[in-house]
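> one predicted model, sequence on top.
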Amino acid sequence: MNNVIKEKLKDSFQSILPVAGIIFVISLIFNLDGRNLIEFGIGTIFLIAGFIMFNIGAENSMMVISEKIGSFIAKRRSLTLLIAIAFIIGFLITVAEPDLWVLAEQFTAVKPLILIGSVAFGVGLFLVIALLRIVFKIKMSTLLIISYGLVFLVGIFIDSSFVQVAFDSGGVTTGPITVPFILALGYGLSLGRGDKEADENSFGLVGICSIGPILAVSILALFSEATVDHTSEILSLGEYILRYLFELLIALVPFILFFVIFQIFVFKLNKKRVIKILIGFLLTYLGLVLFLVGANFGYLPIGEFLGRKIALLDNNWLLIIVGMFFGFAIVVAEPAVTVLTHQVEDVTSGTIPRRIMNISLSIGVSIAVGLACLRVLYEISIWWILVPDYLFALVISLFVRGLFTSIAFDSGGSASGAMTATFLVPFAIGAARALEHDELKYAFGLVAFVALAPLLTIQILGLIYKLKEQKVSKDKQADEIIDLNEVKNETPGNNHQS
């Protein structure tokens with residue numbers, strides 16, 4: 001147990017301290033006051049503690065249960081059971097996602113419960129589709145092309161102000177609670193079926209589920225007008241703690257209920273194992289509370305302050321450079337990304353190392369945040385970036401190994417989490433307000449860009465791997481030809497002739 005804690009402590013320092021260091025230095029450059037710096041320090045301590053507790057807890061609770069539920073569904077081989085359980089799981093975990101509640105509170109065009117219910121329905125539906133892809137062995141690229149084709153077709157007919165919120169909803173829905181559960185569920189189903197390509201089939205669920213909210217909000221947009229009143233709610237440390245203790249308790253209830261039901265009727269685990277899983281739930285809960293409190297208390301106010309301050313400079317193009325620095329460092333501090341990269345490395349037996357994944361994601365998100373800041377400064381339509389990038393991502397999916405496409409779209413859903421919503425989005429909003437630009441049209445959409453970046457970077461990485469494999473294969477064939485020629489030349493008949 002001590003070794004596990006040491007490993008998680010090391011991971012948390014490597015993930016969070018680079019982000020904290022960059023923010024601290026830039027804050028000093030722009031004369032942030034002492035009180036905010038103290039709050040930032042407290043927030044960083046909360047982040048590190050929460051990061052450790054969340055990862056230990058998730059591994060011993062949600063991921064264990066998800067794999068077992070997936071295996072159970074596979075063994076029963078009932079399509080009706082698969083559809084029913086998948087939809088219920090997708091719906092409940094979406095309703096439980098804290099980031100979605102934050103978005104719903106900001107979005108005043110429809111009532112929060114209507115928005116949450118619609119998005120949850122979309123995720124439930126697309127989780128069913130994602131699992132049916134495993135059952136019927138549908139190619140990932142085919143499903144993505146059809147789904148995003150439908151998304152962009154609907155997008156033609158909706159208010160342009162709605163587009164940002166629609167694509168942002170796809171990012172916030174797949175957060176630190178949803179990602180571990182969905183990933184483990186897919187892996188359990190694929191493993192339970194005895195699939196030879198379980199590693200490829202188990203990934204892609206998060207990426208497919210991210211499409212559901214985009215489509216759901218787009219359909220809502222056909223019947224609504226987009227009016228968002230975005231006001232930054234700054235609370236005290238105690239108020240944040242009470243808020244997230246309550247919200248995350250509600251968020252974890254569906255998982256506990258699922259565990260209790262399956263424990264009684266299916267799992268029937270021994271007492272020691274049940275206690276271990278319950279302790280895992282408690283650690284997950286406390287870890288997420290600490291993480292979100294630290295992010296909101298220490299990072300949200302600084303994000304908006306820095307965005308406003310830099311946007312008002314004569315050389316406000318520095319907003320793009322600073323944003324890229326933040327984007328590069330911040331993605332590896334997301335708990336969902338940590339869960340994803342660990343699972344990718346384990347399932348692929350080290351073929352895709354965490355280090356390569358983290359570097360690729362950081363580069364992609366850095367460019368994405370830079371583009372988002374460019375939009376804020378020069379009021380560029382989101383369509384000029386979304387359409388060509390998604391088109392390129394879908395085209396390249398036809399040429400890379402399915403595993404890389406699945407991982408890329410999963411990474412897109414995982415990269416845009418709590419750190420993005422509580423620091424980078426306020427950073428963009430602060431800049432938009434300082435410049436008196438429409439924050440709905442130009443500050444919103446940053447989450448969508450962060451979610452889009454890994455689709456390109458990870459698949460490009462997959463293309464590089466494929467070219468290397470082809471080169472190794474050609475070299476091997478050439479060596480075999482040379483060996484055969486040497487054998488022919490060394491035969492008695494050839495020697496006699498010479």
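Alright, I've got the coordinates. Residues are numbered from 1 along each chain as shown.
> spatially central, which residue of this protein would that be?
In the chain, the C-alpha nearest the mean C-alpha coordinate belongs to Ser414, at 0.8 Å (Cα atoms, centre = their mean).
> gap between that one and Ile352?
14 Å (Cβ to Cβ, to the nearest Å). C-beta here means a position set from N, CA and C on the backbone, and glycine is covered the same way.
> looking at this protein, which helix is longest?
With secondary structure taken from DSSP state H, the chain has its longest helix at helix 446-489.
> elements contacting that one?
Using 3 or more Cβ pairs under 8 Å, 6 or more residues apart in numbering; DSSP states H and E, the elements in contact with helix 446-489 are helix 160-173, helix 354-378, helix 383-396, helix 402-415, helix 425-435.
> picking up where we left off before, from Leu113, how far out is the residue nearest to the centre of the chain?
For Ser414 relative to Leu113 (Cβ to Cβ), the value is 26 Å.
> residues in contact with stretch 317-330?
Defining contact as Cβ atoms under 8 Å, 6 or more residues apart in numbering, one finds that stretch 317-330 is touched by 18-19, 22-23, 26, 306-307, 310-311, 362-363, 365-370, 372-374, 376-377, 419-420, 423-424, 427-428, 431, 450.
> swap the cut-off to 7 Å and go again
Applying Cβ atoms under 7 Å, 6 or more residues apart in numbering, the contact partners of stretch 317-330 are 18-19, 22, 26, 310-311, 362, 365-366, 368-370, 372-374, 377, 419-420, 423-424, 427, 431.
> ok, stretch 436-451 next?
Contacts of stretch 436-451 with the rest of the structure, by Cβ under 7 Å, 6+ apart, involve 161, 164-165, 167-168, 170-172, 210, 226, 228, 230, 365, 368-369, 371-372, 375-376, 379, 382, 412-413, 415-416, 420-421, 424-425, 428-429, 432-433.
> mind listing what's buried along it?
Using 16 or more other Cβ atoms under 10 Å as the test for burial, stretch 436-451 gives 437, 439-451.
> what ranges does the stretch 251-400 of the chain have for its helices?
Using DSSP state H, counting those that start in this stretch, the helices of the stretch 251-400 of the chain run over residues 271-294, 300-311, 318-330, 335-347, 354-378, 383-396.
> tell me how far the closest residue in space to Ile458 that isn't next to it in sequence lies from Met140.
Nearest residue to Ile458, sequence neighbours excluded (Cβ to Cβ, 6 or more residues apart in numbering): Ala408, at 3.6 Å. Going from Ala408 to Met140 by Cβ to Cβ gives 10 Å.
> okay, these two: which has more neighbours?
Set side by side, Ala408 and Met140 show more neighbours around Ala408, with 31 against 23, by other Cβ atoms under 10 Å.
> and the pLDDT at Tyr244?
Tyr244 is assigned 88 on the pLDDT scale.
> so how many other residues sit close to it?
21.
> tell me which residues in the strand or helix carrying it are buried?
Using DSSP states H and E, Tyr244 maps to helix 237-262. For helix 237-262, the neighbour count (16+ other Cβ under 10 Å) marks 237, 240-241, 243-244, 247-248, 251-252, 254-256, 258-259, 262 as buried.
> which of the residues you listed lies closest to Val293?
Tyr240 (4.6 Å; Cβ to Cβ).
> before we move on, the earlier item: going through the contacts of stretch 436-451, which ones are buried?
Buried by 16+ other Cβ under 10 Å: 161, 164-165, 167-168, 170-172, 210, 226, 228, 230, 365, 368-369, 371-372, 375-376, 382, 412-413, 415-416, 420-421, 424-425, 428-429, 432-433, out of the contacts of stretch 436-451.
> pLDDT weak spots in the stretch 151-300 of the chain?
Along the stretch 151-300 of the chain, the parts satisfying pLDDT under 70 run over 175-177, 192-202, 225-233.
> change it to 80
Residues of the stretch 151-300 of the chain that meet the criterion pLDDT under 80 lie in 159-161, 174-203, 224-234, 251-252, 254-255, 258.
> what's the burial count for Ile29?
With other Cβ under 10 Å as criterion, Ile29 counts 12.
> equivalent analysis for Ile146, please.
12.
> that one and Ile129, how far apart?
Separation of Ile146 from Ile129 (Cβ to Cβ): 10 Å.
> the residue nearest to Ser416 when sequence neighbours are not counted: what's it in contact with?
Nearest residue to Ser416, sequence neighbours excluded (Cβ to Cβ, 6+ apart): Gly171, at 3.3 Å. Gly171 makes contact with Gly413, Ser416, Val447, Ala448, Val450, Ala451, according to Cβ under 7 Å, 6+ apart.
> before we move on, back to that, and the angle for the helix holding Tyr244 with helix 271-294?
Put simply, helix 237-262 runs at 150 degrees to helix 271-294, going by axes from the mean of the first three to the mean of the last three Cα atoms, to 10 degrees.
> for Leu286, which non-adjacent residue is spatially closest?
Met53 (5.4 Å).
> got the contact list for that neighbour?
Leu283, Leu286, Gly287, Leu290.
> would CSV of those with distance to Met324 and neighbour count be doable?
CSV is the format used below for those (distance: Cβ to Cβ, whole Å; neighbours: other Cβ atoms under 10 Å):
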residue, distance to Met324, neighbour count
Leu283, 34, 20
Leu286, 34, 17
Gly287, 29, 24
Leu290, 28, 23
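> so which of the residues you listed is the closest to Arg77?
Leu283 (34.5 Å).
> all good on my end, thank you.
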